[in-house]
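Q: A predicted structure for the sequence below; I have some questions about it.
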Amino acid sequence: AQKVTQAQTEISVVEKEDVTLDCVYETRDTTYYLFWYKQPPSGELVFLIRRNSFDEQNEISGRYSWNFQKSTSSFNFTITASQVVDSAVYFCALSEKATGNQFYFGTGTSLTVIP
Amino acid sequence: EAQVTQNPRYLITVTGKKLTVTCSQNMNHEYMSWYRQDPGLGLRQIYYSMNVEVTDKGDVPEGYKVSRKEKRNFPLILESPSPNQTSLYFCASSLEGQGTNIQYFGAGTRLSVL
């Protein structure tokens, strides 16, 4: 079974629109970590955020915000006032403390921001 | 500059010809890992290492080998490559010996097996 599900394969938005990327995870562990990474067209993987399972506070960083809800096992990512530079593939990922060292990525969401 | 370096960046080979993709990090990280990225499948973990001489299988270890003789290096070995190993490979490292930490990725190695 897929531990991290990103149901949106591709999303297109017009510049300045807001967009939310969904991430649903599956784990039986009580202690786990969730991540978002960005992969721009140049191909590198860039870390965006890490959140542990005990911290359900939403986080905002500039135009980026993350909504972590344990009740629905979701860790959604919202970009406000999208820009062309936000065009990339975004990956959500999970690491469980019990297994500790294995890392699970979702299949990614490809975001295109149209000028 | 702190970085994870993979070589080569691009590689074309033929079925059955052994190859090694090198990975080196200069951040004194304990944890290192290899992933492959395929369209529609995201990144899948191949092997990881919590420290020198400690390696474990990830989700897709078949057809690959790794070794961790030094802290900074974590080569990926394909003893007998096959076309289904054509993929984009990433090496990553993180500070502590757990995958729960932030991982820093290399630039990737695009491998084609003919």
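A: That came through, no problem. Residues are numbered from 1 along each chain as shown, chains lettered A, B, ... in the order given.

Q: C-alpha only now, for contacts and for neighbours.
A: OK.

Q: tell me, how many residues neighbour A:Gly62?
A: Neighbours of A:Gly62 under the rule other Cα atoms under 10 Å in any protein chain shown: 8.

Q: I'd like to know how far B:Arg110 sits from B:Ser94.
A: Counting by Cα to Cα, to the nearest Å, the gap from B:Arg110 to B:Ser94 is 22 Å.

Q: and these two? which has more neighbours close in?
A: Neighbour tally, B:Arg110 and B:Ser94, criterion other Cα under 10 Å: the higher count belongs to B:Ser94, 22 against 17.

Q: contact residues of chain B facing chain A?
A: B:40-45, B:48, B:50, B:58, B:97-100, B:102-108 (Cα under 8 Å from any Cα of the partner chain).

Q: in strands, which of those fall?
A: In strands, judged by DSSP state E, the following of those are found: B:Gly42, B:Leu43, B:Arg44, B:Gln45, B:Tyr48, B:Met50, B:Tyr104, B:Phe105.

Q: from those residues, which has minimum pLDDT?
A: Lowest pLDDT within those is found at B:Met50 (88).

Q: what is the neighbour count of the nearest residue to B:Gly16 once chain neighbours are set aside?
A: Closest residue to B:Gly16 apart from its sequence neighbours, by Cα to Cα, 6 or more residues apart in numbering or on different chains: B:Ser80 at 4.1 Å. For B:Ser80, the number of neighbouring residues by other Cα under 10 Å comes to 14.

Q: can I assume B:Ser80 sits in a helix?
A: No. B:Ser80: not assigned to a helix; according to DSSP: H, G, I helix; E, B strand; the rest coil it is coil.

Q: shouldn't it be in contact with B:Lys18?
A: Yes. Judged on Cα atoms under 8 Å, B:Ser80 makes contact with B:Lys18 at a distance of 5.3 Å.

Q: what helix or strand does B:Asn28 sit in?
A: Using DSSP states H and E, no element contains B:Asn28; it sits outside every helix and strand.

Q: count of residues packed around the residue nearest to it when sequence neighbours are not counted?
A: Setting aside the residues directly before and after it, B:Asn28 is nearest to B:Arg72 in space (Cα to Cα, 6+ apart), at 6.6 Å. Around B:Arg72 there are 20 other residues, counting by other Cα under 10 Å.

Q: contacting residues for the residue nearest to A:Ser82 when sequence neighbours are not counted?
A: Leaving out its chain neighbours, the residue that sits closest to A:Ser82 by Cα to Cα, 6+ apart is A:Lys16, at 4.6 Å. Listed by Cα atoms under 8 Å, 6 or more residues apart in numbering or on different chains, the contact set of A:Lys16 reads A:Thr80, A:Ala81, A:Ser82, A:Gln83.

Q: how close does the residue most central in space within chain B sit to A:Glu44?
A: The centre of chain B sits closest to B:Trp34, judged by Cα atoms, centre = their mean, with a distance of 2.9 Å. For B:Trp34, the distance to A:Glu44 (Cα to Cα) stands at 14 Å.

Q: for the residue nearest to A:Ser82, helix, strand, or coil?
A: The local conformation at A:Lys16, judged by three-state DSSP, is coil.

Q: quick one on the thing from earlier: which among the contacts of A:Lys16 count as buried?
A: Among these, those buried by neighbour count (16 or more other Cα atoms under 10 Å in any protein chain shown) are A:Thr80, A:Ser82, A:Gln83.

Q: can I get those residues in CSV including pLDDT?
A: Compiled in CSV, the buried ones among the contacts of A:Lys16 are given as follows (pLDDT from 0 to 100):
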residue, pLDDT
A:Thr80, 96
A:Ser82, 97
A:Gln83, 97
